[in-house]
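Undergrad: give me coordinates for this.
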Amino acid sequence: MFAIIGIVVVFGCIVAGYLMEHGNIKVLLQPAELIIIGGAALGTVLISNPIHTLKQIISGLVGVFGSSKYSTQRYVDSLKMMYELLQKARKEGLVALETDIEEPEKSPLFSKYKDFEKNHHAVNFICDTMRMAVSGGVEVFDLDQMLEADMDIHHQEASEPVSALSTMADSLPGLGIVAAVLGVVITMGALGGPPEEIGNKVAAALVGTFLGILLCYGLVGPLAARMGKIAAEEHAYLMVLRVTMIAFLKGIAPIMAVEIGRRTVPGHVRPSFQAVEEACRGAKEAPAPAAEAAAAG
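TA: Purely as a prediction, here's the structure:
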């Protein structure tokens, strides 16, 4: 939502200032210049990136125009879910988690948290980690190192579309100059004609430079920066899950492991101690699905 508002502010202020100086808005409408700059920029992206990165760019741009997935409530729900999972492991043993981690899509525990279920990477991140813990034979330190490597690889993959879009933004001013030079070439061919015609061609050439710089610093560059922040938000979310699991596997009680995880939540969305405690207390007081089925029987 804020991305849309920002784009409107950028272009609205530029056009408003131009009109205040009695500029002719029709002069800025140069489809040929836009095709040269936009088409060439798109071509550079196609040349330098594989198909999976192009798909990530599209999905990343769609995500830019939505709200953040990692709100305070999302963290509260995730920490509550982790508490339920770790509490089950503590009471019934790690082996009891096999039904949840082997088929997470059928897990009664995970099914209560729809937002978490939709994040397939986070689901696999937890299930694969707890699967190794159930299997045994891996020291907690080594498991933590493996999680760090997993997060680094995922963050690197998430940064590829950001880098690609940033490269495209950097190319736009140069492509604007290319469009302007082509406009000058056309203008030179029109020398000797009516002054109005020459003036229009010079203006069209200058618009090419204007569009290249505007699209770089006013649109594509900020979009790439926002995509980078979204990737950082996901990395921070996985860090919370990682710290919580490792703390539990070191022998810390589930409620304290959740508190350690809460302390790693970014400050602007970090839930309070009371909010997480109340959520975990509600999970403790709620009857388990198996108990509900037995009572119904």
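Undergrad: CA-only coordinates of the helix or strand hosting Leu42 in PDB, if you can.
TA: Using DSSP states H and E, Leu42 sits within helix 31-48. Written as PDB, here are the backbone C-alpha positions of helix 31-48 (Å, rounded to 0.1, in the frame of the first residue of the first chain):
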ATOM      1  CA  PRO A  31       6.100   6.700 -26.300                       C
ATOM      2  CA  ALA A  32       9.100   6.100 -28.600                       C
ATOM      3  CA  GLU A  33      11.600   7.100 -25.900                       C
ATOM      4  CA  LEU A  34       9.800   4.900 -23.300                       C
ATOM      5  CA  ILE A  35       9.900   1.900 -25.600                       C
ATOM      6  CA  ILE A  36      13.700   2.400 -26.200                       C
ATOM      7  CA  ILE A  37      14.500   2.800 -22.500                       C
ATOM      8  CA  GLY A  38      12.000   0.300 -21.100                       C
ATOM      9  CA  GLY A  39      12.600  -2.300 -23.800                       C
ATOM     10  CA  ALA A  40      16.300  -2.100 -23.600                       C
ATOM     11  CA  ALA A  41      16.200  -2.300 -19.700                       C
ATOM     12  CA  LEU A  42      13.900  -5.400 -19.900                       C
ATOM     13  CA  GLY A  43      16.300  -6.900 -22.400                       C
ATOM     14  CA  THR A  44      19.300  -6.500 -20.100                       C
ATOM     15  CA  VAL A  45      17.300  -8.400 -17.400                       C
ATOM     16  CA  LEU A  46      16.500 -11.200 -19.800                       C
ATOM     17  CA  ILE A  47      20.200 -11.400 -20.800                       C
ATOM     18  CA  SER A  48      21.700 -11.500 -17.400                       C
END
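Undergrad: what does that helix rub up against?
TA: Helix 31-48 is contacted by residues 54, 57, 164-165, 167-168, 171-172, 175-176, 178-179, 182-183, 204, 207-208, 211-212, 215, 220 when judged by Cβ atoms under 8 Å, 6 or more residues apart in numbering. Just so you know, the C-beta spots here come from the backbone N, C-alpha and C atoms, and that holds for glycine as well.
Undergrad: repeat that for stretch 177-188.
TA: Contacts of stretch 177-188 from elsewhere in the structure, counted by Cβ under 8 Å, 6+ apart, are 33, 36-37, 40, 198, 201-202, 204-209, 211-212.
Undergrad: do stretch 141-155 as well
TA: Stretch 141-155 has contacts (Cβ under 8 Å, 6+ apart) with 121, 125, 129, 132-133, 138, 231, 234-235, 238-239, 242, 245-246, 249.
Undergrad: which among those residues count as buried?
TA: Neighbour counting by 16 or more other Cβ atoms under 10 Å classes Phe125, Thr129, Met132, Ala133, Ala231, Glu234, Leu238, Met239, Arg242, Met245, Ile246, Leu249 among the contacts of stretch 141-155 as buried.
Undergrad: ok, the contacts of stretch 141-155 vs Ala3, which is closest?
TA: Ala231 (15.3 Å; Cβ to Cβ).
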